[in-house]
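Trainee: what's the 3D shape of this:
(chains A, B, C and D)
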There are 4 protein chains.
Amino acid sequence: LSNKLRAAGFRTGVFKTGPGNQLSDVPGNLVGNLTLNDAQVQTGVTVIIPAPDIYNNKLPAACHVINGYGKTTGLLQITELGNIETPIVLTNTLSVGTAYQALVRHMLKEVPFIGIEACSVNPVICECNDGYLNDIRGLHIKEEDVLQAIEAASADFDEGSVGAGRGMSCHGLKGGIGSSSRVIPAGDKEYILGTLVLTNHAKIEELRIGGVHIGEELSQYAGAESPFKGSVIVIIATDAPLDSRQLGRICRRASSGLARTGSIIASGSGEIAIAYSTANRITHRPEDAAAEMKTIHEDLLDPFFAGTVEAVEEAVLSSLFEAKTVEGRDEHLRRSLTEVLEESGISPW
Amino acid sequence: LSNKLRAAGFRTGVFKTGPGNQLSDVPGNLVGNLTLNDAQVQTGVTVIIPAPDIYNNKLPAACHVINGYGKTTGLLQITELGNIETPIVLTNTLSVGTAYQALVRHMLKEVPFIGIEACSVNPVICECNDGYLNDIRGLHIKEEDVLQAIEAASADFDEGSVGAGRGMSCHGLKGGIGSSSRVIPAGDKEYILGTLVLTNHAKIEELRIGGVHIGEELSQYAGAESPFKGSVIVIIATDAPLDSRQLGRICRRASSGLARTGSIIASGSGEIAIAYSTANRITHRPEDAAAEMKTIHEDLLDPFFAGTVEAVEEAVLSSLFEAKTVEGRDEHLRRSLTEVLEESGISPW
Amino acid sequence: LSNKLRAAGFRTGVFKTGPGNQLSDVPGNLVGNLTLNDAQVQTGVTVIIPAPDIYNNKLPAACHVINGYGKTTGLLQITELGNIETPIVLTNTLSVGTAYQALVRHMLKEVPFIGIEACSVNPVICECNDGYLNDIRGLHIKEEDVLQAIEAASADFDEGSVGAGRGMSCHGLKGGIGSSSRVIPAGDKEYILGTLVLTNHAKIEELRIGGVHIGEELSQYAGAESPFKGSVIVIIATDAPLDSRQLGRICRRASSGLARTGSIIASGSGEIAIAYSTANRITHRPEDAAAEMKTIHEDLLDPFFAGTVEAVEEAVLSSLFEAKTVEGRDEHLRRSLTEVLEESGISPW
Amino acid sequence: LSNKLRAAGFRTGVFKTGPGNQLSDVPGNLVGNLTLNDAQVQTGVTVIIPAPDIYNNKLPAACHVINGYGKTTGLLQITELGNIETPIVLTNTLSVGTAYQALVRHMLKEVPFIGIEACSVNPVICECNDGYLNDIRGLHIKEEDVLQAIEAASADFDEGSVGAGRGMSCHGLKGGIGSSSRVIPAGDKEYILGTLVLTNHAKIEELRIGGVHIGEELSQYAGAESPFKGSVIVIIATDAPLDSRQLGRICRRASSGLARTGSIIASGSGEIAIAYSTANRITHRPEDAAAEMKTIHEDLLDPFFAGTVEAVEEAVLSSLFEAKTVEGRDEHLRRSLTEVLEESGISPW
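Mentor: Numbering: from 1, shown residues only, chains lettered A, B, ... in the order given. Got it, this is the predicted structure:
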């Protein structure tokens, strides 16, 4: 479980975390990592499976482009139809096409009538550019790698320098996969909201941990340039009954969580949020002309918004705390936050 | 000048402030306040004049809806045409129509051919709901009040519980008008970016000052309920040559500044950002078929984005530091931050 | 009832019309006109009441900006919250503020807790510029006129040169209010979709009636310049259970209906579509944390889209056929289509 | 050259066509087709090259999603940065990833520093679903096919059942690639606006040619079901100096052109417009902090809008007139419009 950050003393916000403090606290959600780690090749794939049989029973979904310097696929249809019908694949920028083809192949196998009865499929591929550590021009991700990440999907998954996070940099340090969750009350019920981030954004000088602006001081220990360029992907899952419009509102709070660790949403950053709810399923074919859908009243959404901000802040920091130092292409090095904290003797608490 | 916050020891960010640390550091920008302060009536009008003769020589402009629980007018045309052609009026929610009519009347007087040669005018009116302190149902703002605020516009203006800010609440304390500015380098030049906010948003529990989360502790001293409901308006001016698309990118960074003081963008909050540049003027009628427009290269925008985040954070805090305690409708009270800090002995520094 | 167009021989599309071929075929929908007709003063107000007690029981709603050269208010909140909570008022561009204040006053009277319990209200005012026929600079609309139009609302209403349509021009001829409706099948049920337009857009040269491009020939008889400038407002109501995302999709088909009569969406045109459904009501305060909402399956929407295109095309033409010749400001004249057809001997059938 | 439609007697609109009545009338624009035609395999690739050396000297660009049931990549970055930096590849839905990887490989070869200096690339891949005629599940497009289409790019190109259009259906008939252009006056200059469409949308019953609704009658001759499902891609090029905001306005007129041939924008249709201008180039790296950009005055845009509507209408019809009957997967047949017109004796003129 994802506890290094909590073990180090971090607390944020007013809501308690889910049992695993990860995306997979939302029932049915699985995450799979496939990591390539071989000298110049520091890259990988992370797959999020939001629900079983998701094509035939789609989930209400939404997305938000915080900053559009990015190549994520699938957002047009999520926006138009308000649903998601495939797993989500995260990988490096120049391998988006390979991931798309792999996911197509996976879906064709799962759903025999795609492509036959005027049926299409909307692959959702998100990316960040890991070219600082990874020989991204080598196009090392193969379709097989994506299929293996799908196979590997589990409720129990690693964070940090794994999967699509292998080659990523965050706040000038080693970034990657982070995750966190919150328990959100609404009426007399409690719901889970989980988030998973792929962090590859922001400068070290801007870094804040628990509001404490230690980045300026830390920057002399990081040992490598820290450009504004980079990106961050935010996936948000919940079992609360929210429709796509409401999920869009949740997506738009992701950037407030990112701001808490110091992001200014740099010009060269692709920052994308995608949210879905597992509480209502949308059948691929209409069983009845009209279906009933449960939705939480708008006046009860603030805790979901606050919880999103908290969980995104914590997921970004978790990606830093779980990451290990990685050396990659051309002796480029990204040091882990824990190593730098230890060496410098600086502490945010 | 707006120095209480700085005098108290506050510093944020890497850019130096403009000479007055206010919106009016951007040459040509004027601000006028008209305050109604009479027992149940605690409301007013604030007018921003972005440039002289703005109808005939419009400014490139953009806007962004952070959260659309708001009634601001004029955003459709700013978005479509990428320009602004009137002063901006801020007032309370239920007086938007009165402000619209007053601004129409002002523009008809200034520009004799509006309404004659198939010419229209796009009044920009922004609002927050001051109903907690103000008898907002009384519709006390008159057209004359708006015209007086226009008359009063000056480069030297007050912040805090004045003008449209008179009845507003921010983080459970007395909010209102705040302003800040930054000097932004680009190439071998320096530009000014100024911001003015009308703050009426967020809970006290969430308040952070300079990253220090003192809201929880302060909340017992504030002495009144602090609902999530409320709104915030952010006006951003610059003399840097930016086109409307780029100004839109700047608007989308306003929410990162708001996040720094603790906002989670509540469901019932109308949060709107408007930005304009005074560096290029767009003639109402075409003088030539095609005009030259200067624009800064995209790779040089990050300092503008970082400066926006800094200035918005500081402007929100300035609205709190400049505000004075106000008692209004039905003995409703909003205390000033400085009073509460003093009484509680709590300090963010 | 609105039958001049049908009586003249016009048919379009595959769906049958509702009983009155008007917006008010949607149960509960009422329309009220207040017309000012006095020499230089040729203007007015049209009010659409989508449902009784709409503030306490809001309707799912959406909007779409076809072209944003317009000053419509209320769209931000419709987009954010996906509902509508007031009647819709149509009037001339420079009287939007007066209409806003009148609608505020009406709502304050209807709902005593607006402005008290942190409650706001979102007035929806749409406009076109009738300055060619009307002394629009005179600001002749008074709040009382709007309240009278609300009072006058009825399921039985006039089209053409009435209400807000009094001073409007469409395709170089006399435009104004038009309406049409369709019966749409979905599963084993039938639903009503009604539309009302305020037409003030497009050139006569572009005019097509039933696909027949007679505008070029007609233009010599119209007797006045026909600039591209102008606007058109499209209101769409249905009793089918659609959520706000789906209603947004319907709004985006309005422009296809406008295209059928020859519109090219001119640069100076404010073209706005608003749609709502009366099938689900959203309580102002949450009665339960989560409510059930019925929505039609996405695969069954095409007939609603096709019906929208048909009804909008017919409503625009109905505004022309129902209009009477109007002489207004400075001897400006807009002739009625029927007069011009008769005089010229040209027929589209 | 593309003259079958004109030879058949078709005329539309007020502007004269460019010399070739194709997209490539815009100087520098090239189009390449690669067609796969082998029994079950009826598919292909079409490449549009907007300008030479487009990565280092990007073009101002914009896009618009008419209906988002589609999988086009690259739109996020076009929207954010307002430029295009690669050729545009059109192909079938399930081969988007292959096209993405091929275009990445092409760009890596052309630009050695992509992936090295924190540089990314934004591949623009558009698609329609040709699964009715093509064995789309077979994933027959290979990266090599895309590279060959790039190689084949020329100012002189075929329309109809070629390239990405090989397996497409339009209005229940054989669709595919269509193109048209217009000469647009602005001030004392003339500019070219060209469009290329990939048509795979709409029902035959809705078909209008020159406004004449002959689809209903034709439908009995088409000989195959004609579902609403399908998509259409619209590419618009011009040598007029327009910025990205203005190009976005042009994109939003594409749907008016589609409406003229009878489209209702079906629910299952991915309808995307992309526009770019070759008149200003944006250097990849800033040469100066601020660059001069020429833009046409907003008041002169209406002819560009009208010309877009005309050219899109004509391009759709040209795709039908240039197409030949194709038999593909499982004996599925799409007949050509010319064949059906001849057999039925029906004529739109």
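
Trainee: And the strands in the stretch 51-200 of chain A?
Mentor: Assigned by DSSP state E, counting those that start in this stretch, the stretch 51-200 of chain A shows strands spanning A:57-68, A:83-84, A:88-92, A:124-128, A:169-170, A:173-174, A:177-186, A:189-200.

Trainee: In CSV: those, plus mean neighbour count, distance to chain C and mean pLDDT.
Mentor: Every residue, glycine included, has its C-beta placed from N, CA and C. Formatted as CSV, the strands of the stretch 51-200 of chain A follow (neighbours: other C-beta atoms under 10 Å in any protein chain shown; distance: least, C-beta to the nearest C-beta, whole Å; pLDDT from 0 to 100):
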stretch, mean neighbour count, distance to chain C, mean pLDDT
strand A:57-68, 24, 9, 98
strand A:83-84, 26, 8, 98
strand A:88-92, 28, 21, 98
strand A:124-128, 29, 18, 98
strand A:169-170, 32, 31, 97
strand A:173-174, 30, 37, 97
strand A:177-186, 26, 5, 98
strand A:189-200, 26, 6, 98
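
Trainee: which one of those lies closest to D:Leu59?
Mentor: Comparing the strands of the stretch 51-200 of chain A against D:Leu59 with C-beta to C-beta, the closest turns out to be strand A:57-68 (17.0 Å).

Trainee: Can you list the strands that the closest one pairs with?
Mentor: Paired with strand A:57-68 in the same sheet, following DSSP bridges, are strand A:83-84 (antiparallel), strand A:270-277 (antiparallel), strand A:282-283 (antiparallel).

Trainee: could I get the following helix or strand past the last one in CSV with only the CA atoms?
Mentor: Using DSSP states H and E, the helix or strand that follows strand A:282-283 towards the C-terminus is strand A:290-296. Written as CSV, here are the backbone C-alpha positions of strand A:290-296 (Å, rounded to 0.1, in the frame of the first residue of the first chain):
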residue,chain,number,x,y,z
ALA,A,290,-35.3,5.5,-21.2
ALA,A,291,-33.2,4.5,-18.3
GLU,A,292,-33.2,5.6,-14.7
MET,A,293,-30.0,7.3,-13.5
LYS,A,294,-29.2,8.2,-9.9
THR,A,295,-27.4,11.5,-9.4
ILE,A,296,-26.4,13.3,-6.2
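
Trainee: Please see if strand A:290-296 touches chain D.
Mentor: No: taking C-beta under 8 Å from any C-beta of the partner chain as the criterion, strand A:290-296 and chain D are apart, separated by no less than 15.4 Å.

Trainee: Give the closest residue to the closest residue to chain D within the stretch 151-300 of chain A in space, chain neighbours not counted.
Mentor: Scanning the stretch 151-300 of chain A for the residue nearest chain D gives A:Lys229, at 4.4 Å (criterion: C-beta to the nearest C-beta). The spatial neighbour of A:Lys229 that comes closest, neighbours along the chain excluded (C-beta to C-beta, 6 or more residues apart in numbering or on different chains), is A:Gly268 at 3.9 Å.

Trainee: Pretty sure the one you found sits against A:Gly230.
Mentor: Yes: distance between A:Gly268 and A:Gly230: 7.2 Å, which falls inside the contact criterion (C-beta atoms under 8 Å).

Trainee: Now the common contact residues for the two.
Mentor: Each of D:Ala118 lies in contact with both A:Gly268 and A:Gly230 under the rule C-beta atoms under 8 Å, 6 or more residues apart in numbering or on different chains.

Trainee: Give me the more crowded residue out of the two.
Mentor: Neighbours were tallied for A:Gly268 and for A:Gly230 using other C-beta atoms under 10 Å in any protein chain shown; the higher tally belongs to A:Gly230 (29 against 22).

Trainee: distance of the more buried one from A:Ser180?
Mentor: In this view, A:Gly230 and A:Ser180 are 20 Å apart by C-beta to C-beta, to the nearest Å.

Trainee: Any residues of the stretch 201-349 of chain A in contact with chain C? List them.
Mentor: Within reach of chain C by C-beta under 8 Å from any C-beta, the stretch 201-349 of chain A has these residues: A:241, A:243-245, A:249, A:282-283, A:285-286, A:288-300.

Trainee: Near chain B, which residues of chain A are found?
Mentor: Contact residues of chain A with respect to chain B, defined by C-beta under 8 Å from any C-beta, are listed as A:14, A:66-67, A:205-206, A:208, A:211-213, A:228, A:249, A:252-253, A:255-260, A:263-268, A:298-299, A:301-302, A:305-306, A:308-309.

Trainee: Swap in 6 Å and give it another go.
Mentor: Where chain A comes near chain B, counting by C-beta under 6 Å from any C-beta of the partner chain, the residues are A:208, A:211, A:213, A:228, A:253, A:256, A:259, A:264-267, A:301-302, A:305-306, A:309.

Trainee: Neighbour-wise, which one of the residues you listed leads?
Mentor: A:Arg253 (30 neighbours).

Trainee: There's contact between that residue and A:Phe305 in this structure, I believe.
Mentor: Yes: assessed by C-beta atoms under 6 Å, A:Arg253 is found in contact with A:Phe305 at 4.8 Å.

Trainee: what packs against the longest helix along chain A?
Mentor: When every helix of chain A is counted residue by residue (DSSP state H), the longest turns out to be helix A:302-322. In terms of contacts (3 or more C-beta pairs under 6 Å, 6 or more residues apart in numbering or on different chains; DSSP states H and E), helix A:302-322 is packed against helix A:4-7, strand A:177-186, strand A:189-200, helix A:254-260.

Trainee: Just give the nearest non-adjacent residue to A:Leu90, would you?
Mentor: Closest residue to A:Leu90 in three dimensions, ignoring its sequence neighbours and counting by C-beta to C-beta, 6+ apart: A:Ala164, at 3.8 Å.

Trainee: Same question for A:Thr79.
Mentor: Beyond its immediate neighbours in the sequence, the residue positioned closest to A:Thr79 (C-beta to C-beta, 6+ apart) is D:Gly68, lying 5.4 Å away.

Trainee: State the distance from the one you found to chain B.
Mentor: Counting by C-beta to the nearest C-beta, to the nearest Å, the gap between D:Gly68 and chain B amounts to 19 Å.

Trainee: Can you name the residues bridging to that residue?
Mentor: Each beta-bridge partner of D:Gly68 is listed here: D:Gly270, as defined by DSSP bridges.

Trainee: Go ahead and confirm it touches A:Glu80.
Mentor: Yes: under the contact definition of C-beta under 6 Å, D:Gly68 touches A:Glu80, with a separation of 3.0 Å.

Trainee: No more questions from me, cheers.
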